[in-house]
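>>> This is a predicted model, with the sequence first.
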Amino acid sequence: MSEKKKLLFLCTGNSCRSQMAEGWARALEGDRFEVFSAGVETHGLNPNAVRVMAEAGVDISGGKPEHVGVYLDQPWDLVVTVCDSAREACPTFPRPVPKLHVSFFDPATAEGTDEEKMVVFRRVRDEIRERLVREVRSRG
């Protein structure tokens, strides 16, 4: 059996989108990929991201926001940026690495009541599952 491919999701703060992408990839493609996420900055894990992923049966509560710097020297089979600012600020990796950009709205910026914000988090959660799974599967 071949070794798992290494997959890294990058976002601005590694608090919402990249954490949800990591959770989906582990849950749906964990037999094929060793999955990580990081940010070009580090913010705390967003509790609404944890909540909506739990609603979908995926536990990301143990996610620890990491700075991309800790991963630069590792060999990657694919680096996926999930927001435009991460793509623009993506550091140069010392080794050549295939990159994929799939941008998602930042649910942490949603306005309104708590329930209105949760609607946005759920929409982004579902978009990440649909789009990322399709893109990652086509690459892996």
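Cool, the structure landed.
>>> All the helices of the protein, in order from the start?
Using DSSP state H, the helices found in the chain span residues 17-29, 47-55, 84-89, 114-139.
>>> most tightly surrounded among the ones you listed?
Greatest average neighbour count among the helices of the chain goes to helix 17-29 (a mean of 25), per mean count of other Cβ atoms under 10 Å. For glycine as for every other residue, the C-beta is placed from the backbone atoms N, C-alpha and C.
>>> re earlier: reformat the helices of the chain as JSON lines; add distance to Gly39.
Shown next, in JSON lines, are the helices of the chain (distance: least, Cβ to Cβ, whole Å):
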{"stretch": "helix 17-29", "distance to Gly39": "7"}
{"stretch": "helix 47-55", "distance to Gly39": "13"}
{"stretch": "helix 84-89", "distance to Gly39": "7"}
{"stretch": "helix 114-139", "distance to Gly39": "16"}
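>>> got the ones you listed as CSV, with mean pLDDT columns?
Converted to CSV, the helices of the chain look like this (pLDDT from 0 to 100):
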stretch, mean pLDDT
helix 17-29, 95
helix 47-55, 98
helix 84-89, 79
helix 114-139, 91
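>>> With respect to Glu66, which of these lies nearest?
helix 17-29 (9.5 Å; Cβ to Cβ).
>>> outside of that closest one, which residues touch it?
Helix 17-29 is contacted by residues 7, 9-11, 33, 35-39, 45-46, 49, 52-53, 57-60, 63, 65, 80, 82-83, 86, 104, 106-107, 124-125, 128-129, 132-133, 136-137, 140 when judged by Cβ atoms under 8 Å, 6 or more residues apart in numbering.
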